[in-house]
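Student: Based on what follows, work out the 3D shape:
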Amino acid sequence: MTTVFETALKGKHVVIVGGGSGMGKATAELAASLGAKVTISSRNKEKLTAVASEIEGDISVASVDTTDEAAVKAWAASLGEVDHLVISASSAAHGAFAELPTDDLRGMIEAKFIGPYVTAREVLPYLADGASITLFSGVLSRRPSAGATGLGAVNAAVEALTMGLAQELAGKSRVNCISPGMVATEAYAGMPEEAREGMYAQVGGSLPVGRVGRASEIAQAVIMAMTNGFLTGSVLDIDGGHLIKA
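Tutor: Model (predicted):
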């Protein structure tokens, strides 16, 4: 039986910036399984090509460095018409307020806010009627923690951008934001396994659901944001209850 998501996505062009790993990759897999034509993008073309070979369906690769404005402009022009733009590419800089190097903060702002801002702006002329843009923030925007003040502020900026664009692009595109809690992805691959699993257990144990998230669960929320025509200007908290925990 054809699902409402297959009906909404079959043959649609979904562009996922950050589609080479983690939540972006999971979204690419799910969108392709629902019949979408998916383009995955990031800076690493070799990694993208390897990921594309693992996904069944209509998958293409278009590498881009979102911190290079001229490159983003050329990339956007190469895409053709875009039905749904998802920007999950991100960067996180952790450190105490008094100690975090300013260059680390600038790099995070460039990757997590300015990059998505420029990417959405350059794709705008190529958006189809009824298109959607989905951005990514994170739970620290409204539940900040010591050692991540800068990251929380950047997440909040992405959410403000979402709401402003939803108004400014009304009639052209819906704009929403996914705010994940901690999700087990390659983002933590650099940690020793024991430390990583301990972190997952500690954070997950503090949540109402009793565990950290899975990339596939975030992907389900992205698909809903893409296909629900009555949803715009919203921040979807997919965080296992992080915002309401004691």
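Student: Mind jotting down where the helices sit in the chain?
Tutor: 4-9, 22-33, 45-54, 69-78, 102-109, 115-123, 149-168, 193-205, 215-227 (DSSP state H).
Student: Looking at this protein, which strand is longest?
Tutor: Within the chain, and with DSSP state E defining each element, the longest strand by residue count is strand 127-136.
Student: and that one, which strands flank it?
Tutor: Sheet pairing for strand 127-136, assigned by DSSP bridges, gives strand 82-87 (parallel), strand 173-180 (parallel).
Student: now the angle between helix 22-33 and the shortest one, please.
Tutor: Angle between the axes of strand 82-87 and helix 22-33 is 160 degrees (criterion: axes from the mean of the first three to the mean of the last three CA atoms, to 10 degrees).
Student: Off-centre distance for stretch 97-115?
Tutor: Its chain's C-alpha centre and that of stretch 97-115 lie 18 Å apart, by CA atoms, centre = their mean, to the nearest Å.
Student: contacting residues for the nearest residue to residue 22 once chain neighbours are set aside?
Tutor: Of all residues not flanking residue 22 in the chain, residue 185 sits nearest, at 3.6 Å (CB to CB, 6 or more residues apart in numbering). Quick note: C-beta positions are derived from backbone N, CA and C, even for glycine. Residues near residue 185 by CB atoms under 8 Å, 6 or more residues apart in numbering: 21, 22, 23, 215.
Student: and which of these is nearest to residue 208?
Tutor: Here the nearest of the contacts of residue 185 to residue 208, counting by CB to CB, is residue 215; it sits at 19.9 Å.
Student: count of residues packed around that closest one?
Tutor: As a burial measure, residue 215 scores 22 neighbours (other CB atoms under 10 Å).
Student: Which residue, neighbours along the chain excluded, lies closest to it?
Tutor: residue 26 (3.8 Å).
Student: mind checking the backbone torsions on the residue most central in space within the chain?
Tutor: What sits nearest the mean C-alpha location of the chain, by CA atoms, centre = their mean, is residue 88, with 2.1 Å. Main-chain dihedrals, residue 88, degrees, to the nearest 10: phi -100, psi -10.
Student: any idea how far the nearest residue to residue 66 once chain neighbours are set aside is from residue 181?
Tutor: Spatial nearest neighbour of residue 66, excluding adjacent residues (CB to CB, 6+ apart): residue 115 at 3.4 Å. Distance of residue 115 to residue 181, computed by CB to CB, to the nearest Å: 22 Å.
Student: so how many other residues sit close to residue 230?
Tutor: Quick note: residue 230 (other CB under 10 Å) scores 6 neighbours.
Student: Per-residue pLDDT of it, please?
Tutor: Listed pLDDT for residue 230 reads 98.
Student: From residue 39, how far off is it?
Tutor: In terms of CB to CB, residue 230 sits 26 Å off from residue 39.
Student: where does this structure have low pLDDT?
Tutor: By pLDDT under 70, the low-scoring segments of the chain are 1.
Student: can you pull the contacts of residue 139?
Tutor: 155, 179, 180, 181, 182, 237, 239, 242, 243.
Student: There's contact between residue 178 and residue 137 in this structure, I believe.
Tutor: Yes. Assessed by CB atoms under 8 Å, residue 178 is found in contact with residue 137 at 7.4 Å.
Student: what's the overlap in contacts for those two?
Tutor: residue 235.
Student: Can you report how many residues lie near residue 224?
Tutor: Neighbour tally, residue 224, other CB under 10 Å: 16.
Student: Distance of it relative to residue 212?
Tutor: Taken as CB to CB, the span from residue 224 to residue 212 is 21 Å.
Student: okay, how far is it across stretch 15-34, tip to tip?
Tutor: End-to-end distance for stretch 15-34: 14 Å, by CA to CA, to the nearest Å.
Student: Show me what counts as buried in that stretch.
Tutor: 15-34 (16 or more other CB atoms under 10 Å).
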